[in-house]
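Enquirer: Need coordinates for the following:
(2 chains)
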Amino acid sequence: MTKKKVRFKDRDYIIELLSNGDINVDGELFTAEIKQGINAIYKVDVDGTRFTIEISNDEFLIDGEKTEFTIKPYIPVLSKKSSEIAKREIKVIAPIPGKITKILVKQGQSVSKDQELLILEAMKMRNRIFAPDDGEIVQIEVKENDNVEQDQKLLIIQS
Amino acid sequence: MLSTVLIANRGEIAIRIIRACRLLDFKTVAIFSDTDSSALHVRMADEAYCLGNGSVEDTYLNTEKIINIATESNTDAIHPGYGFLSESAIFADEVEKNGMIFIGPSPSVIKKLGDKIEAKQMAREVGIQTVPGSLGYIDSVEEAEKIALKIGYPIIIKAAFGGGGRGMEIVENPESLEISLMGCQSIAKKFFGRKEVFIEKFIQSPRHIEIQFLADNYGNVIHLGDRECSIQRIHQKIIEEAPSFITARKREILGEKICNLAKNISYRNAGTAEFLWKNNKLYFNEINPRIQVEHPVSEMITGIDIVVQQLKIANNEELTYTQKDIKFSGHAFEFRINAEDPLKAFYPQSGKISGVNIPGGNEVRFDTFVYPNYILPNQYDSLVGKLIVKGENRQDAIQKSKLALNELAISGLITNISLHKAIIETPEFLKRKITTEFLKHNKINEILNHYEKLRLVALFKAYSTHKESQENDILVVHDKPENFNRWREQSKFEQQKGYL
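Expert: Numbering: from 1, shown residues only, chains lettered A, B, ... in the order given. Modelled structure (predicted):
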């Protein structure tokens, strides 16, 4: 059985059904057994835990909760030699809509991975946005007090 | 006599207050921002008035607009709920100046208690120990440095007029003192209207204990026992339980001291005294002069409806209970269900809630304001509901909670339901080895990740089986094209027969 890439609740996993019936998820093995199937309602035991799965059209429900689930063939990415990795630009985007309350870096500044870049306030919480990698701030696309949409580009880091 | 109550709040607490008002036959007035026009409290109240659009300052924090609506709707009393204006002495004062009753303590008492430095002094006067820290407010970095050096790092900077876990910063070392101080001051200014902060010794990994009390307008004060709220994330409580682990004797002594404190300052209405517990010592933290999110756990073990009591007190009725009448039975938990992703640093989620499955059973309660197809806005709190469960004892309550959490499902956005499931599975939680740093010390993320994988595997298995059976169905059993539509076929058949 070939590996499949699945997207489940906003996260990606590599999943594989093994010949002995076990299921491998990102290197972790599970034993799953269908105990009952009533129309499109399945009672499934996974390592001793019972789940009720409902499948209707393109909707999936796990214990009553509608869940996003897409499945794609897995295409392995060949790792490049380090010399081939060119300078790349990383876009830092807003993970949630909110307001930029503080920008802690300047254009041209070097930053290291996990360094705090700015503060995005949403739902009364101050969310710190950190650098995803080492690099240089090449562009800042927002100002303090700007309201931003989800996925809006905030700044660009060249690494 | 009260007849009309305006609820200056939104979300689940607005619903909770509307229900209590209904029990006492009071008319209810809701207020709402443009964003909240389809909110449940608007539908449930007898009347609802719009605050317009804009930020919280323009809406739920806008005293002038709220007072105008109250006047227009012939409101007798205003219940502020929690958060928003609930601890604003200025608001309470405006309410009273306009001839209405503020459901809470008097403005001067709110002011006194809001001043955390003064509150600590009051606690010491009735023989309650307090946390070491600055005796006054801190303005400059220099002052902060001095105090911090004296009491030793780590320290905690707190908004003097804050609450609800906001406007607090822990400082581990002198290097980050300045930025934390400034950050804390700006949050304080923004959410509580005053930038004063103070410093306390940061008590590492304490447990959080609190005592609920009720005071009427005739000098009667009773307490409804204690709660433990140690399970927190980013300084915000997520699981609360009652009673806490303190002995009956300790409960009695502490309760009495708190009642004395309340009497000393002529406190009225409901309040909560918060304590930190560390190495067998209890330190007074603050008094919250309002209803709290976790009040239902005390209701469950005492049988007393705290919000109804608040309304009766505001209606100038005398408490019908004395301390002797308060009996504790069983154990209760509250799980705060937040729209947030526990695996992504608790990022708040917003958007359409496509489905809600509410658990049930004996002594299982779910206080919420969400409904199917409700669009959860992004500018307010991420709390979408509170699951409250009572059992005969702690173990029984945990068992019941597990079942209830399994039944509870909110679709369309990510919630922390899975986090609660993971927490109550841990041996530490079962043995009650909990502190406010529970989530830091336990490998909850690993459990959560594992749990997500279990769910994924179950889904994948069912999906594979389903697909297989469907393929078989199409090929062997029905031998019909995939888009086969029985109704269309039927109508074609009927057309041929000349019905149409």
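
Enquirer: Show me what counts as buried in the helix or strand hosting B:Phe460.
Expert: Element membership for B:Phe460 (DSSP states H and E) is helix B:444-472. Buried residues in helix B:444-472, counted by 16 or more other CB atoms under 10 Å in any protein chain shown: B:444, B:447-466. All C-beta atoms are positioned from the backbone trio N, CA, C, and that covers glycine.

Enquirer: Cross-check these against chain A and keep the overlap.
Expert: B:450, B:452-466 (CB under 8 Å from any CB of the partner chain).

Enquirer: So chain B: which segments form each domain?
Expert: B:4-103, B:132-201, B:207-443, B:444-500 (automatic domain parsing).

Enquirer: With mean pLDDT as new columns, can these be given to me in a markdown table?
Expert: Shown next, in a markdown table, are the domains of chain B (pLDDT from 0 to 100):
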| stretch | mean pLDDT |
| --- | --- |
| domain B:4-103 | 97 |
| domain B:132-201 | 87 |
| domain B:207-443 | 96 |
| domain B:444-500 | 71 |
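
Enquirer: Quickly note the distance from B:Lys431 to B:Asn442.
Expert: Relative to B:Asn442, B:Lys431 is positioned 12 Å away (CB to CB, to the nearest Å).

Enquirer: My error: substitute A:Arg50 in the last question.
Expert: According to CB to CB, A:Arg50 stands 25 Å off from B:Asn442.

Enquirer: Please verify my assumption that B:Lys201 contacts B:Ile155.
Expert: Yes. Counting by CB atoms under 8 Å, B:Ile155 is a contact partner of B:Lys201 at 6.3 Å.

Enquirer: tell me, what's touching the two both at once?
Expert: B:Gly133 (CB atoms under 8 Å, 6 or more residues apart in numbering or on different chains).

Enquirer: So which of these two has more stuff around it?
Expert: B:Ile155 (27 against 18; other CB atoms under 10 Å in any protein chain shown).

Enquirer: you'd agree that one is up against B:Phe202?
Expert: Yes. Assessed by CB under 8 Å, B:Ile155 is found in contact with B:Phe202 at 5.3 Å.

Enquirer: Please identify every residue contacting each of these two.
Expert: With CB under 8 Å, 6+ apart, B:Ile155 and B:Phe202 have common neighbours B:170-171.

Enquirer: related to what we said a few turns ago, quick one, which of B:Lys431 and B:Asn442 is more surrounded?
Expert: Set side by side, B:Lys431 and B:Asn442 show more neighbours around B:Asn442, with 18 against 8, by other CB under 10 Å.

Enquirer: From B:Arg251, how far off is the more buried one?
Expert: With CB to CB as the criterion, B:Asn442 and B:Arg251 are 28 Å apart.

Enquirer: do B:Ser186 as well
Expert: 39 Å.

Enquirer: Relative to the worst-scoring helix or strand of chain A on mean pLDDT, what are the paired strands and their orientations?
Expert: Within chain A, no helix or strand scores below strand A:125-130, which has a mean of 80 by mean pLDDT, DSSP states H and E. The sheet places strand A:125-130 alongside strand A:116-122 (antiparallel), with pairing taken from DSSP bridges.

Enquirer: got a list of what the spatially most central residue of chain B touches?
Expert: Centroid-nearest residue in chain B, with CA atoms, centre = their mean: B:Val293, separated by 3.3 Å. With contact set as CB under 8 Å, 6+ apart, B:Val293 has these partners: B:13, B:82, B:237, B:240, B:334, B:336, B:383, B:386.

Enquirer: list the helices and strands the helix or strand harbouring the third one packs on?
Expert: Here B:Lys237 is covered by strand B:236-242, with elements defined by DSSP H and E. When contacts are defined as 3 or more CB pairs under 8 Å, 6 or more residues apart in numbering or on different chains; DSSP states H and E, strand B:236-242 sits against strand B:221-233, helix B:295-302, strand B:331-338, helix B:417-425.

Enquirer: Redo the ones you listed as a markdown table? Include mean neighbour count and distance to B:Ile211.
Expert: Output for the helices and strands packed on strand B:236-242, formatted as a markdown table (neighbours: other CB atoms under 10 Å in any protein chain shown; distance: least, CB to CB, whole Å):
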| stretch | mean neighbour count | distance to B:Ile211 |
| --- | --- | --- |
| strand B:221-233 | 24 | 5 |
| helix B:295-302 | 25 | 9 |
| strand B:331-338 | 26 | 15 |
| helix B:417-425 | 21 | 24 |
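
Enquirer: Can you lay out these as JSON lines showing distance to chain A?
Expert: Conversion of the helices and strands packed on strand B:236-242 to JSON lines gives the following (distance: least, CB to the nearest CB, whole Å):
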{"stretch": "strand B:221-233", "distance to chain A": "11"}
{"stretch": "helix B:295-302", "distance to chain A": "21"}
{"stretch": "strand B:331-338", "distance to chain A": "10"}
{"stretch": "helix B:417-425", "distance to chain A": "8"}
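
Enquirer: near chain A, which residues of the stretch 151-300 of chain B?
Expert: Selection of the stretch 151-300 of chain B residues close to chain A by CB under 8 Å from any CB yields B:166, B:183, B:186-187, B:191, B:234.

Enquirer: Identify the residue spatially nearest to residue 106, adjacent ones excluded.
Expert: Using chain A here. A:Ile137 (6.9 Å; CB to CB, 6 or more residues apart in numbering or on different chains).

Enquirer: wrong one, chain B
Expert: Using CB to CB, 6+ apart and skipping the chain neighbours, the partner closest in space to B:Ser106 is B:Arg268 (6.7 Å).

Enquirer: circling back to that earlier point, please produce JSON lines containing the helices and strands packed on strand B:236-242, extended by distance to B:Leu6.
Expert: JSON lines is the format used below for the helices and strands packed on strand B:236-242 (distance: least, CB to CB, whole Å):
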{"stretch": "strand B:221-233", "distance to B:Leu6": "26"}
{"stretch": "helix B:295-302", "distance to B:Leu6": "20"}
{"stretch": "strand B:331-338", "distance to B:Leu6": "26"}
{"stretch": "helix B:417-425", "distance to B:Leu6": "33"}
